[in-house]
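**Student:** coordinates only, sequence not included:
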Ligand SMILES: NC(=[NH2+])NCCC[C@H](N)C(=O)O
Ligand SMILES: [Mn+2]
Ligand SMILES: [Mn+2]
């Protein structure tokens, strides 16, 4: 893997309705991120945080609305430009959230450098909603759809092109809460999903190995978008939309270790750490541990 890495924090909490997830990047840094990566011989440049503008007054959703659309779109563009620059400079972008709406900006900045960018979406959710199908109006439930070119043009067209990714280049792992519109889209577009059912049946070794083989054949770069709510809330309590029955600590470390061995990743992001909902920074510490495994920390 690329040893030159740039860290970008995105203190975004406007893609959903619970406060606190904007403190995710500081909590992850505080849990020892830089020390961990430097200990693994990475040349790390922490670029600080993307500035996020606040809405004038807390904009309450009316039906069919997209909560905080303007602020999310503005931040996505800023993030896209920063990430784009790092990829141009041949540095590995590691993006820290913030809620999952930030994936709109990450993918916008990264994908223009690839013919066929692959995406591993490690999440309890599909994040495949649009204003029409969303039960909440929260943009953090929409970034994967937006990146497929589905949704409000202010979001799909960030950084001046759309779509960012092709449905056949996506693999979702850990899904256990999908809305009806998301299920429909998964069927229609043939998106690969390893739900908890497949993880239980096949085991994580087979799931992640199959996903890697699948992406290797068809992509020229792979982005990992890891939502901490993909893990079980017992292990990762500091998330805004917990769903029981999730991926374990051990399955997740194993997945990161096998990804490291495969060397297919070209960018990554860790999102949805909410320190207000956390217990003694447990979830941020877990994120740093997973990042360690992803970047080569080994027991022997
Ligand atoms: N990134 C996340 N945590 N997304 C949760 C989305 C929850 C629900 N599907 C929604 O659209 O509102
Ligand atoms: Mn999620
Ligand atoms: Mn998510």
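**Tutor:** Received the coordinates, thanks. Computed from a predicted model, the values in this text were never measured in an experiment. Ligands and ions are numbered 1, 2, ... in the order given.

**Student:** With ligand 1 in mind, check whether the longest helix along the chain reaches it.
**Tutor:** Secondary structure of the chain per DSSP state H: the longest helix is helix 69-88. No - using Cβ under 6 Å from any ligand atom, helix 69-88 never reaches ligand 1; the gap is at least 12.6 Å. In this view, the C-beta of every residue, glycine as well, is placed from N, C-alpha and C.

**Student:** Now that helix: buried residues?
**Tutor:** Buried positions in helix 69-88, judged by neighbour count with 16 or more other Cβ atoms under 10 Å: 69, 71-80, 82-84, 86-87.

**Student:** The residue in the stretch 151-300 of the chain positioned nearest to ligand 3 - how many residues pack around it?
**Tutor:** Closest to ligand 3 within the stretch 151-300 of the chain is residue 227: 3.5 Å, counting by Cβ to the ion. Look at residue 227: counted by other Cβ atoms under 10 Å, it has 27 neighbours.

**Student:** show me the residues around it that make contact.
**Tutor:** 100, 121-125, 127, 239, 271-272 (Cβ atoms under 8 Å, 6 or more residues apart in numbering).

**Student:** Let me know the closest of the buried residues of helix 69-88 to ligand 2.
**Tutor:** Out of those, the member with the shortest distance to ligand 2 (by Cβ to the ion) is residue 72, at 16.4 Å.

**Student:** Enumerate the residues of the stretch 201-300 of the chain near ligand 2.
**Tutor:** 227, 229 (Cβ under 5 Å from the ion).

**Student:** let's go with 6 Å and repeat that
**Tutor:** Residues of the stretch 201-300 of the chain lying close to ligand 2 by Cβ under 6 Å from the ion are 227, 229, 241.

**Student:** For residue 140, give me its contacts.
**Tutor:** Taking Cβ under 8 Å, 6+ apart, we find residue 140 in contact with 15-16, 99-101, 127, 272.

**Student:** again, but for residue 94
**Tutor:** 5-8, 267-270, 291.

**Student:** ok, so of the buried residues of helix 69-88, who is nearest residue 284?
**Tutor:** Closest to residue 284 out of the buried residues of helix 69-88 is residue 79 (20.0 Å), distances taken as Cβ to Cβ.

**Student:** what about residue 188, how many neighbours?
**Tutor:** Residues near residue 188, counting by other Cβ under 10 Å: 9.

**Student:** cool, and residue 18?
**Tutor:** Applying other Cβ under 10 Å, we find 14 other residues in the vicinity of residue 18.

**Student:** Can you give the contact residues for the strand or helix carrying residue 285?
**Tutor:** Secondary structure assignment for residue 285, by DSSP states H and E: helix 282-294. Outside helix 282-294, the residues within contact range by Cβ under 8 Å, 6+ apart are 24, 27-28, 30-33, 36-37, 40, 94, 224, 226, 228, 231, 235-239, 249, 252-253, 256-257, 259-260, 265, 268, 270, 273-275, 278.

**Student:** near ligand 1, which residues of the stretch 201-300 of the chain show up?
**Tutor:** Residues of the stretch 201-300 of the chain lying near ligand 1 by Cβ under 6 Å from any ligand atom: 227, 229, 241, 272.

**Student:** Taking those together, which two end up most distant?
**Tutor:** Pairwise distances across these (Cβ to Cβ) peak at 8.8 Å, for the pair 227 and 241.

**Student:** Give me the common contacts of the two.
**Tutor:** Contact criterion Cβ under 8 Å, 6+ apart; residues shared by residue 227 and residue 241: 124-125, 272.

**Student:** Wait, a strand at residue 224?
**Tutor:** Yes - counting by DSSP: H, G, I helix; E, B strand; the rest coil, residue 224 falls inside a strand.

**Student:** For the stretch 101-250 of the chain, just list every one of the strands.
**Tutor:** 117-122, 170-175, 192-195, 221-227 (DSSP state E, counting those that start in this stretch).

**Student:** Pairing partners for the last one, with directions?
**Tutor:** In other words, strand 221-227. Partners of strand 221-227 in the sheet, by DSSP bridges, are strand 117-122 (parallel), strand 265-271 (parallel).

**Student:** what about that strand, average pLDDT?
**Tutor:** In this model, strand 221-227 has a mean pLDDT of 99.

**Student:** what's the answer for stretch 268-286, then?
**Tutor:** 98.

**Student:** Pull out the buried residues from it.
**Tutor:** Quick answer for stretch 268-286 (16+ other Cβ under 10 Å): 268-275, 277-278, 281-286.

**Student:** Can you tell me which of the residues of the stretch 201-300 of the chain next to ligand 2 is nearest residue 213?
**Tutor:** Using Cβ to Cβ, these come closest to residue 213 at residue 227, 23.2 Å.
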